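>>> Structural data only, the sequence is not supplied:
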DNA sequence: AGGGCTACCTGTACGC
DNA sequence: TGCGTACAGGTAGCCC
């Protein structure tokens, strides 16, 4: 599920609901994730509180009132739920117990993880240190894009590369290239200036809009890909193989191809 | 160094 | 109904 807008939606939800609340205890229900959950976490964070929640690409960073920070990645199926009466569910991994509620991290496929760091070390961790600029930041602009055109890959794979730009995943890359009318297989060095500008503009527009939609759809205390309808309802091309293109309206123009093992969708007529 | 491929894991949908 | 297979929005780590 979670690409930048989804992770940002989770961040906003958690910021509203668990900041400055004292953690009485932490229980590891199942330490088996992409990386084993450290049993230092309950010890180091007991009686502290989250003071800040940041997002970098698809990662969430929780800063605590002591020296520590947690780095979360949701993988494909990770989600949080906040509840006042904890009933254990399949694939629950870690439970943060506040005085009146509990925050649970659940991850079916175990591609997600949580790691503990000393605060000052988190941005130099191997996960964070090489990430490319945030796509919504000023750093992701024409000049930056242009500097990276010497790469030997296609535009879909470039946008998917977290070290080029952080936070875009398989769905948003298809959507961005559809919006900017660029064919996903185009080699990076073949791109014209005006196409680069369109891609940057489309990326920022689509991400902003999706974050806005995410914010309007939080209606309960579960933040998961099933519960948040947000962008799913607004897809223009992803998952629409064999359907009419929503721009040029011609029938059966949306095609699904495989790029580096992932599905890409595009219109054969209006993406050049 | 950079890019491509595979492994990791569980659930679901679909064809037979 | 059951079984086998393909596929799913993630990254790390290996290989070239």
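Here it is on my side, so go on. Quantities reported herein were computed from a predicted structural model and do not represent experimental measurements.
>>> Quick one: residues contacting the residue of chain A found nearest DNA strand B.
Of all residues in chain A, residue A:151 sits closest to DNA strand B, at 2.9 Å by Cβ to the nearest atom of the strand. For glycine as for every other residue, the C-beta is placed from the backbone atoms N, C-alpha and C. Contact partners of residue A:151, counting by Cβ atoms under 8 Å, 6 or more residues apart in numbering, are A:158, A:164, A:188, A:189.
>>> Give me the neighbour count for the closest residue to residue A:57 other than its chain neighbours.
Take residue A:57 and drop its neighbours on the chain: the residue closest to it by Cβ to Cβ, 6 or more residues apart in numbering is residue A:166, 3.1 Å away. Neighbour count for residue A:166, taken as other Cβ atoms under 10 Å: 22.
>>> and residue A:166, what pLDDT?
pLDDT recorded at residue A:166 is 97.
>>> Assess the claim that it and residue A:58 are in contact.
Yes: in this structure, residue A:166 is within contact of residue A:58 by Cβ atoms under 8 Å, at 7.3 Å.
>>> Quick check: neighbours shared by those two?
residue A:4.
>>> Residues of chain A that sit close to DNA strand C?
A:1-3, A:6, A:34, A:57-58, A:73, A:75-76, A:109, A:111, A:126-127, A:162, A:168-171, A:225, A:231-232, A:262-263 (Cβ under 7 Å from any atom of the strand).
>>> how near is residue A:68 to residue A:193?
For residue A:68, the distance to residue A:193 (Cβ to Cβ, to the nearest Å) stands at 46 Å.
>>> Oh, that last question was meant for residue A:140, not what I typed.
Taking Cβ to Cβ, one finds residue A:140 at 16 Å from residue A:193.
>>> The two: which has the busier surroundings?
residue A:140 (20 against 11).
>>> So the more buried one sits against residue A:165, correct?
Yes: counting by Cβ under 8 Å, residue A:165 is a contact partner of residue A:140 at 5.8 Å.
>>> overlap in contacts of the two?
By Cβ under 8 Å, 6+ apart, the residues touching both residue A:140 and residue A:165 are A:132, A:133, A:134, A:203.
>>> before we move on, back to that, give me the pLDDT for the residue of chain A closest to DNA strand B.
94.
>>> element containing it?
Using DSSP states H and E, residue A:151 is not contained in any helix or strand.
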